[in-house]
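# Sequence plus the predicted model coming up.
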Amino acid sequence: MEKIVDWTLPVIVLGIVSFGLFKGINVFDAFVEGASKGLSSAVKLLPVLTGLVLGVGMLRCSGALSALSACLEPIAKLSGIPSGVLPLALLSPVSGSGSLTMYEQILTNFGPDSLEGRIASVLMGSTETTFYAITVYYGSVRVKKTGCTVPSALIADAVSFILSAVTVRLSI
């Protein structure tokens, strides 16, 4: 099995190069052209991603995340959702690394087999870093007006948070 894994990438690269040569394409020039376009796309995305990273840092360091969690705590209690997972639910759409850190804190504080730990585990597997994905996809093609994308994605994130809690409660 190790031999298959060791040979997979070289075989794919050799196959692509062979196909290009068979079709009469200058493979190296095509590679350089593609790499150049990829680099220019990365340069175009850099300011947008820098703004996103800065915003996430400000959100976490300013205490805004804690304040927002505190505001939503009464609603969470009414619906039977533990307040310990609220920061994760709020951070998941914004930052993958931030939500991973928050997830680790939940597991450390409450334990992996606790209600909070289980909900956090399901939530980590069922949400997307919404703003990062929108930033990368729309930023790469220079779309400025996202229309209904952000509200729709945030509604999907909220539904996944609620269903994570419901699913875990039903499985206990």
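Nice, I can see it.
# where does residue 31 land on pLDDT?
We have a pLDDT of 90 for residue 31.
# sorry, that was for residue 95
For residue 95, pLDDT reads 80.
# Check the spacing between it and residue 127 real quick.
Distance of residue 95 to residue 127, given as Cβ to Cβ, to the nearest Å: 11 Å. All C-beta atoms are positioned from the backbone trio N, CA, C, and that covers glycine.
# Contacts for stretch 114-125 next, please.
81-82, 84-85, 88-89, 92, 99-100, 103, 106-107, 109-112, 160-161, 164-165, 167-169, 171-172 (Cβ atoms under 8 Å, 6 or more residues apart in numbering).
# And the buried ones among those residues, selectable in PyMOL?
Buried subset of the contacts of stretch 114-125, written as a PyMOL selection, criterion 16 or more other Cβ atoms under 10 Å:
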select buried, resi 81+82+84+85+88+89+92+99+103+106+107+110+160+161+164+165+168
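# Could you list which of the contacts of stretch 114-125 belong to helices?
Counting by DSSP state H, the part of these found in helices is 88-89, 99-100, 103, 106-107, 109-110, 160-161, 164-165, 167-169, 171.
# Name the single longest helix found in this protein.
helix 27-61.
# helices and strands around that helix, which ones?
Applying 3 or more Cβ pairs under 8 Å, 6 or more residues apart in numbering; DSSP states H and E, we find helix 27-61 packed against helix 2-22, helix 130-140.
# okay, which residue is most central for the chain?
residue 129 (2.9 Å; Cα atoms, centre = their mean).
# residues in contact with that residue?
Contact partners of residue 129, counting by Cβ under 8 Å, 6+ apart, are 92-96, 99.
# From residue 92, how far off is it?
Counting by Cβ to Cβ, the gap from residue 129 to residue 92 is 7 Å.
# Spit out the residues that contact those two alike.
By Cβ under 8 Å, 6+ apart, residue 129 and residue 92 have these common neighbours: residue 99.
# any residues in contact with both of residue 95 and residue 127?
With Cβ under 8 Å, 6+ apart, residue 95 and residue 127 have no common neighbours.
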